[in-house]
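Asker: model the following, please.
(2 chains)
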Amino acid sequence: MLNEAGFIEYELVKDTGFNSSPVTKGVLFRARKPEEVRKRPMNMSSEKR
Amino acid sequence: MKNLITAEDRKKIEEGIRKKYMRVAINPEGNFQYPTGEAGLNGQNYDLEILRKLPQDILVSYCGAGNPFSLGTINEGEAVLDIGCGTGMDTLIGAIMVGPKGRAVGIDLVPEMLDRARKNLRKTSLNNVSFQEASAEGLLFPDATFDVVISNGVFNLIPDKVRVLKEVLRVLKPFGRFMIADQVLTVEPTDDTQSMVKNWAR
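Answerer: Predicted coordinates for the structure are as follows:
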C-alpha cells in the first residue's frame, strides 16, 4: 500500500510486542516521500466517459 | 483485499469510531485495548526526559499502539503532523522535540478527543501546537507542509487506506518521513462485509 501511494524506503521495522487481539499484532512501519513524486500514467480504459 | 465497502458502510464505520472514541476520551481504562497512561508510555520506551517535561496528570490520557518516535529522529524546527491525535500526547511530544522554532499539529475526527487534547495543551507552556477536527481522507493543508507525519493506532481504522496514504504523501515535504505504530491483521479479512463493518472499531 505504501508503495502504491508513492512512498519509498518503506519498511516494517519491528513488532511492538503488543497485540490487541488474537488475530492482530502491533507493528512499527516507516516510509519516506521521494524527492519528486511521479504522476502515474492514466489508464484510459477506466476513465469515465 | 478489494473490499465492497459502500458509502453507507463508511458512514457506519465513522459513526462507530466516533462513538467508541468518545467513550475512550472520557476514560480509556476498560474501553481500550492498547497500552494506556504512564505505564503504556514507559512500556513503549518513550523518552523519559521528554515525558518529564509534561505535567504528570496528562500522561494518564495516553493510549497508543506503539511508539512512532522510536522510528527516527525528529529535528528542531521541523513541522510534525499527528494523524488521529486522540488526547494529543504524541502531538505534545512531537512539539517538545521540534522546539519553539518548529510546530506540531494534531488532527482527529472525535470532538471529545480534541477537547481533551486542548485541555492537555493548556496544562503545558507549549505554544507551537494546534489541534483540528479533520478527517485524514482530505487533509486541509497545502502540499509539502510537513517534515514528518506520525500516526499511532489509527490506520487500522481507516477504510480507504491508500487514499489517506496519498494525502500523507501530498502534505509531506520531499524526503519527508512517515512513522506509523499500529495493529495489523494476521489473518485474511472476512468476506462478510456487514460483519466487518459492524466490528470495525471494536
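Asker: switch to C-alpha atoms for all contacts and neighbour counts from now on
Answerer: OK.
Asker: the spatially closest residue to A:Val37 that is not a sequence neighbour: neighbour count?
Answerer: Nearest in space to A:Val37, with sequence neighbours left out and distances taken as CA to CA, 6 or more residues apart in numbering or on different chains, is A:Gly6 at 6.9 Å. A:Gly6 has 22 neighbours, counted by other CA atoms under 10 Å in any protein chain shown.
Asker: these two touch, right, A:Gly6 and A:Lys33?
Answerer: Yes. Counting by CA atoms under 8 Å, A:Gly6 touches A:Lys33, with 7.3 Å between them.
Asker: so the residue lying closest to A:Pro34 once chain neighbours are set aside, which of the three states?
Answerer: Computed as CA to CA, 6+ apart, the closest residue to A:Pro34 that is not its neighbour in sequence is B:Phe175, at 5.3 Å. The local conformation at B:Phe175, judged by DSSP: H, G, I helix; E, B strand; the rest coil, is strand.
Asker: from B:Ala95, how far out is B:Phe175?
Answerer: 20 Å (CA to CA, to the nearest Å).
Asker: can you check B:Asp9 too?
Answerer: 36 Å.
Asker: how about B:Asp47?
Answerer: With CA to CA as the criterion, B:Asp47 and B:Ala95 are 13 Å apart.
Asker: give me the mean pLDDT for the helix or strand in which B:Arg170 is found.
Answerer: Per DSSP states H and E: B:Arg170 is located in helix B:161-171. For helix B:161-171, mean pLDDT rounds to 95.
Asker: got the CA positions of it in CSV?
Answerer: Provided in CSV are the C-alpha atoms of helix B:161-171 (Å, rounded to 0.1, in the frame of the first residue of the first chain):
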residue,chain,number,x,y,z
LYS,B,161,-6.1,3.4,3.4
VAL,B,162,-4.5,4.1,0.0
ARG,B,163,-6.4,7.4,-0.3
VAL,B,164,-5.1,8.5,3.1
LEU,B,165,-1.6,7.4,2.3
LYS,B,166,-1.7,9.6,-0.8
GLU,B,167,-2.9,12.5,1.3
VAL,B,168,0.0,11.9,3.7
LEU,B,169,2.4,11.8,0.7
ARG,B,170,1.0,15.1,-0.6
VAL,B,171,1.4,17.0,2.6
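Asker: quick one: contacts of it?
Answerer: Applying CA atoms under 8 Å, 6 or more residues apart in numbering or on different chains, the contact partners of helix B:161-171 are A:1-2, A:4-7, A:33, B:136-139, B:141-146, B:149, B:155, B:178.
Asker: 7 Å - rerun?
Answerer: Here helix B:161-171 makes contact (CA atoms under 7 Å, 6 or more residues apart in numbering or on different chains) with A:1-2, A:5, A:33, B:136-139, B:141-146, B:155.
Asker: quick one: residues in contact with stretch B:59-79.
Answerer: Contacts of stretch B:59-79 (CA under 7 Å, 6+ apart): A:16, A:26, A:28, A:30, B:34-38, B:44, B:46, B:87, B:89, B:97-99, B:101-104, B:146-148, B:150, B:152-153, B:179-183.
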